[in-house]
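[1] give me the fold of what follows.
(chains A and B)
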There are 2 protein chains.
Amino acid sequence: MLSLAFGLADPALFPREELAAATAAVMADDAPAALNYGPSFAGLTDQVLGRLRAQGVEAEPENILVGYGSSQILALLPEVFVDRGDTVIIEGPSFMGAVRRFAMSGANLVTVPTDGEGMDVDALEVTLRELAARGVRPKFIYTIPTFHNPSGVTMPLARRQRLVALAAEHQVLVVEDDAYGELRFRGDDLPTLAALDAEGWVMRVCTYSKILAPGVRMGWAYARPEIIERLNMFKHEGGSGPFLTRVIARYAAEGRLDAHIAQLRDHYRQKCDLMLDAIGREFPAEVQAGRPDGGFFVWCRLPQGMRATALAERAKDEGVAFLPGVNCYANGQGEDAIRLAFSFQSAEKIQDGIARIGRAMRNM
Amino acid sequence: MLSLAFGLADPALFPREELAAATAAVMADDAPAALNYGPSFAGLTDQVLGRLRAQGVEAEPENILVGYGSSQILALLPEVFVDRGDTVIIEGPSFMGAVRRFAMSGANLVTVPTDGEGMDVDALEVTLRELAARGVRPKFIYTIPTFHNPSGVTMPLARRQRLVALAAEHQVLVVEDDAYGELRFRGDDLPTLAALDAEGWVMRVCTYSKILAPGVRMGWAYARPEIIERLNMFKHEGGSGPFLTRVIARYAAEGRLDAHIAQLRDHYRQKCDLMLDAIGREFPAEVQAGRPDGGFFVWCRLPQGMRATALAERAKDEGVAFLPGVNCYANGQGEDAIRLAFSFQSAEKIQDGIARIGRAMRNM
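    Take a look at the predicted model:
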């Protein structure tokens, strides 16, 4: 089965030799600290602070939590914030890996729709007002404003400003999941929600999974110190490994991570364009494919009457897999769309996969 | 300040070059799996199963949880088992790093005393009967039967058998924390509680911290599959890192970990004997020092009337630190004893530290 389903990084680009070299360097000159008990390496936190500073956010170590992947941090959120019946606002569609965790905690999920500019902030405002009228203050708003998973969409500046202002007005935390933000391959960077936030209502969650390698399981969060402190209380194992945090910091130092990211951007741009070209050739003209400026995914609106789950069945017969839109919603929507990952497969397989899906579409 | 306080491994023995080589090997031939998303490496679980088998326990992968240090696993226990007001049985003294986590969950801690053979199983039996009479079934019994932290004591076979039988009779889980069990430097191995348990009432928690390096943050648990499954549900981040688990498994393979453990045993035997010799020379004759067969600690009973916390103050003036016994009890006991770690400091510093403590004792 040729899979375009998952948001996997391209293993061809894993910096395997550099990670081996970083480990050797840490073992040569920092082993007593790297191999003993201790907190997460302060130097890694410093690097995170540097990345934040480059994005216009001045922060201190007490604003940062280093975790075993952003998935750990996202899973801690409901532990810290949600009691059964509390309300959490999510986007539709969204990253269900996180949303399922929120649901497991008994959160009442309220889905705000998105469009070609991300979360519909008018709809969000209505939702917040309606909830406020019923005396409900949501525990947080979960959003992926940049190179959205699954929709690929990036929220423009004006909307970002309005989202941050609404959060402050209603005193609701915005959780900005920015797994893909550094993988921009077109256009100019936009300010992160955290950079637009003057009052501490934005928490930012980032990961090394997309810019380095998922297998190292390392991510970080930026938030008000009280929030970081509470997350730390629920992070049973304390820090995230003196060894692991030092290896990653050593790898990332001296511009190596930035150089790697530059290489990834080129690579993913090529793959994205290749997928878009193939879609143009192979899919019926009625399919509306998004054109992302970064990230891993092309989101396609299906022609009227074509159901994503039925298409997935046909595609399976053609030997190809993708993510039906229904798998990206908490409220049963999504039969009108599919998510295609260009990140993982070779150029040849991307083209082959799109051709097969196109065949499945035309056979419906 | 010369510290004999903490149960740190000796950094001089960290296999730094071997860990660098293991990382290089994994990066050379297994990077696509090690650096991508995935569960903990099955090969590491296989090694754990091999160690269990060598101890007389036949187990399957579904009996094993690999975690970020045994401290993560011990901290998951109250999450899984304890609601506020539930009873947990601990030993006095015990490893407070774990006990504090149990207390934070709102557990009602019942301390069973220990003697020179570990937990007093007569007292345990009385406690279990009294609790049963009140309709209380404890959530678990936390014990360190081998090279106890802090007392250094090892529970003899007959008591182990009785403890396991009592657990089965009362249907209470026994959590066997065996952080030090592989570091026996005198005498013969005893069956672990898990090896004596025919009915699944023993959970075993182990760590690489003492036999490899704490900084890698890796540990494992053995238990009934239902228990492992529930622990996994509460382990937010899923596995414990495709990269980290492969590096450790690669390091440990081909007998390297066993050879390293053999080296550690020699090393810690020498340090323990050196500390015991120094204690014999430097401490008043009324001090009763334990003679451990393994592990990291010598536990000393102080002369009548000498309080551990007062001694710690005097010792501080002499520039030396140790752990007062009161820091090892949940019920306020322990003014009559101190814990001395021989694991961490050089031979010279151990002798110097003991001489200083001896001086502090004589000055009281």
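
[2] ok, now which ones touch the residue in the stretch 251-364 of chain A that chain B sits nearest to?
    Closest residue of the stretch 251-364 of chain A to chain B, CB to the nearest CB: A:Phe344 (9.2 Å). In this view, the C-beta of every residue, glycine as well, is placed from N, C-alpha and C. The contact partners of A:Phe344, taken as CB atoms under 8 Å, 6 or more residues apart in numbering or on different chains, are A:Ser3, A:Leu4, A:Phe6, A:Gly7, A:Leu8, A:Ala9, A:Asp10, A:Phe296.

[3] gap between it and A:Phe322?
    Per CB to CB, to the nearest Å, A:Phe344 is found 12 Å from A:Phe322.

[4] show me the common contact partners of the two, please.
    Shared contacts of A:Phe344 and A:Phe322 (CB under 8 Å, 6+ apart): A:Ser3, A:Leu4.

[5] where does the residue of the stretch 251-364 of chain A closest to chain B land on pLDDT?
    Confidence at A:Phe344, expressed as pLDDT, is 91.

[6] grab the longest helix from chain A for me.
    In chain A, assigned by DSSP state H, the helix with the most residues is helix A:256-282.

[7] output the contacting helices and strands for that helix.
    Helices and strands touching helix A:256-282, by 3 or more CB pairs under 8 Å, 6 or more residues apart in numbering or on different chains; DSSP states H and E, are strand A:288-289, strand A:297-301, helix A:347-362.

[8] so which of those is the most packed in?
    strand A:297-301 (a mean of 23; mean count of other CB atoms under 10 Å in any protein chain shown).

[9] so A:Gly319 sits against A:Ile357, correct?
    No - contact between A:Gly319 and A:Ile357 fails when scored by CB atoms under 8 Å: they sit 10.4 Å apart.

[10] the stretch 201-350 of chain A: helices as residue ranges?
    Remark: helices assigned in the stretch 201-350 of chain A by DSSP state H, counting those that start in this stretch are A:225-234, A:242-252, A:256-282, A:308-317, A:347-362.

[11] and what of the stretch 51-200 of chain A?
    Counting by DSSP H, counting those that start in this stretch, the helices of the stretch 51-200 of chain A are A:70-81, A:96-104, A:121-133, A:157-170, A:193-196.

[12] compare those and give me the one nearest A:Ala28.
    Closest approach to A:Ala28 among the helices of the stretch 51-200 of chain A is made by helix A:70-81 (29.6 Å; CB to CB).

[13] the closest one and chain B in contact?
    Yes - counting by CB under 8 Å from any CB of the partner chain, chain B is contacted by helix A:70-81 at A:Ser71, A:Gln72, A:Ala75, A:Leu76, A:Glu79.

[14] of these, which is the nearest to B:Asp188?
    A:Gln72 (42.0 Å).

[15] give the contact list for the closest residue to that closest one other than its chain neighbours.
    Counting by CB to CB, 6 or more residues apart in numbering or on different chains, B:Glu237 is the residue found nearest to A:Gln72 once chain neighbours are left out, at 3.6 Å. Residues in contact with B:Glu237 (CB under 8 Å, 6+ apart) are A:Gly67, A:Tyr68, A:Gly69, A:Ser71, A:Gln72, A:Ala75, A:Arg217.

[16] what's the burial count for the last one?
    Using other CB atoms under 10 Å in any protein chain shown, A:Arg217 is surrounded by 31 other residues.

[17] what's the domain layout of chain A?
    A:2-12+A:258-362, A:37-254 (automatic domain parsing).

[18] how far off centre is the shortest one?
    Going back to what we said before, that points to domain A:2-12+A:258-362. Remark: domain A:2-12+A:258-362 is offset 17 Å from the chain centroid, using CA atoms, centre = their mean, to the nearest Å.

[19] now swap in stretch A:112-121 and tell me
    On CA atoms, centre = their mean, the centre of stretch A:112-121 falls 16 Å from the chain's centre.

[20] what subset of the contacts of A:Phe344 is also close to chain B?
    A:Phe6, A:Leu8, A:Ala9.

[21] can you tell me how far the residue lying closest to the first one once chain neighbours are set aside is from A:Pro138?
    Read it as A:Phe6. Sequence neighbours aside, A:Ala341 is the residue nearest to A:Phe6 in space, at 6.0 Å (criterion: CB to CB, 6+ apart). With distances taken as CB to CB, A:Ala341 is found 30 Å from A:Pro138.

[22] repeat that for A:Pro303.
    Distance, A:Pro303 to A:Pro138, using CB to CB: 36 Å.

[23] pick out whichever of these two has more residues nearby.
    Taking neighbours as other CB under 10 Å, A:Pro303 and A:Pro138 compare with A:Pro138 leading, 23 against 15.

[24] my guess is that one meets A:Ile89, correct?
    Yes - using CB under 8 Å, A:Pro138 is in contact with A:Ile89, at 4.9 Å.
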